[in-house]
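Asks: mind looking at a prediction? Sequence and model below.
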Amino acid sequence: MLKNQMSLLDKDNLDHIESRMQTFLPKLNQALEKKAHSTDSELDKKVTEAYALLKRWEETMNTLPAVVDRLVALRAVHAQASRFVQLQEEVEALQQQLLAKVSIMEGNIKLSEESFAQNMTVIKKSMDHLESKLKGAKQ
């Protein structure tokens, strides 16, 4: 095993390895340059995109305080509108309750009127009967 490793260090074998490295080295350098150039291009593209994004946000940043102020003002309006809707719902519920009570009262009034009319008829008949008895007793 040691002998095999020592044979790799032989002058002929080393010359062969050196010649192969000499042919491989230019290809490696070319590949590294190509990769570096391509990476620079991608990096430039990413930097350009980041710069464009930053410019867009700078424009937005100038309007942001006004938007925040408007949202704060709208929050108060929204709260008032929410309270108004809640009160409106309460009024509608109360109105429904009152309509139900009015309907019950109308029914009670109608029954009272009918009862009163019946009582008036009974009283009128009783009065007529009493008058006829009084007239009969006077004669």
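Replies: Looks like it came in fine.

Asks: for the protein, which segments count as helices?
Replies: 2-8, 11-138 (DSSP state H).

Asks: and the ones you listed, which one is worst for confidence?
Replies: The minimum mean pLDDT among the helices of the chain belongs to helix 2-8 (a mean of 59).

Asks: just the helices of the chain: most buried one?
Replies: Highest mean neighbour count among these (mean count of other CB atoms under 10 Å): helix 11-138, with a mean of 10. The way it works is simple: take the backbone N, C-alpha and C, and place the C-beta from them, glycine included.

Asks: separation between E92 and L71?
Replies: Distance, E92 to L71, using CB to CB, to the nearest Å: 31 Å.

Asks: and if you look at V77?
Replies: In this view, V77 and L71 are 10 Å apart by CB to CB.

Asks: common neighbours of the two, please.
Replies: Common contacts of V77 and L71 (CB atoms under 8 Å, 6 or more residues apart in numbering): none found.

Asks: in contact with A66, which residues?
Replies: Residues near A66 by CB under 8 Å, 6+ apart: none.
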